[in-house]
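# sequence and computational prediction follow.
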Amino acid sequence: MVGGEAAAAVEELISGVRRATDFAEQFRSYSESEKQWKARMEFILRHLPDYRDPPDGGGRLDQLLSLSMVWANHLFLGCSYNKDLLDKVMEMADGIEVEDLPQFTTRGEFMKKK
């Protein structure tokens, strides 16, 4: 009987992951590549429990979505932001692995070469 309980627990876990993924899918931008979306979705799903909106509203989910966009824009587009904000999103993204990231040269780095 233990095998049946384990199988039921696995099915419940898989079902929960599917629901979370389906929920997150509504926040995908039409311009995001599959690679960008997978990374940003991992960021969102990792922090979703901490950013669920309270019953009276509060915009916590909007804050999480904004943070995920800051992180993705920095990573994939080379956008720069306030140091404190960037430190926060990089800490939140710690452990999320993204392969083949583009390399960007900042204005300061470019000017040093000249």
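Nice, thanks for sending it over. Numbering: from 1, shown residues only.
# switch to C-alpha atoms for all contacts and neighbour counts from now on
OK.
# list the buried residues of the helix or strand hosting D87.
Taking DSSP states H and E as the criterion, D87 maps to helix 83-92. By 16 or more other CA atoms under 10 Å, the buried positions in helix 83-92 come out as L86, V89, M90, M92.
# using CSV, list the CA coordinates for the helix or strand of the chain with the lowest mean pLDDT.
Least confident helix or strand of the chain, by mean pLDDT, DSSP states H and E, is helix 2-25 with a mean of 73. Taking Å, rounded to 0.1, in the frame of the first residue of the first chain, the C-alpha atoms of helix 2-25 are listed here in CSV:
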residue,chain,number,x,y,z
VAL,A,2,3.0,2.3,0.6
GLY,A,3,3.6,2.3,-3.2
GLY,A,4,0.1,3.5,-3.9
GLU,A,5,0.5,6.3,-1.4
ALA,A,6,3.8,7.3,-2.9
ALA,A,7,2.3,7.3,-6.4
ALA,A,8,-0.6,9.5,-5.3
ALA,A,9,1.9,11.9,-3.6
VAL,A,10,3.9,12.1,-6.9
GLU,A,11,0.7,12.7,-8.9
GLU,A,12,-0.3,15.5,-6.5
LEU,A,13,3.1,17.1,-6.8
ILE,A,14,3.0,16.9,-10.6
SER,A,15,-0.5,18.4,-10.6
GLY,A,16,0.7,21.3,-8.4
VAL,A,17,3.6,22.0,-10.7
ARG,A,18,1.3,22.0,-13.7
ARG,A,19,-1.1,24.4,-12.0
ALA,A,20,1.7,26.8,-11.0
THR,A,21,3.2,26.7,-14.6
ASP,A,22,-0.2,27.3,-16.1
PHE,A,23,-0.7,30.2,-13.7
ALA,A,24,2.7,31.7,-14.6
GLU,A,25,2.1,31.3,-18.4
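# what count of nearby residues applies to A7?
Residues lying near A7 (other CA atoms under 10 Å) number 11.
# S80: what secondary structure?
Here S80 is coil, with the state taken from DSSP: H, G, I helix; E, B strand; the rest coil.
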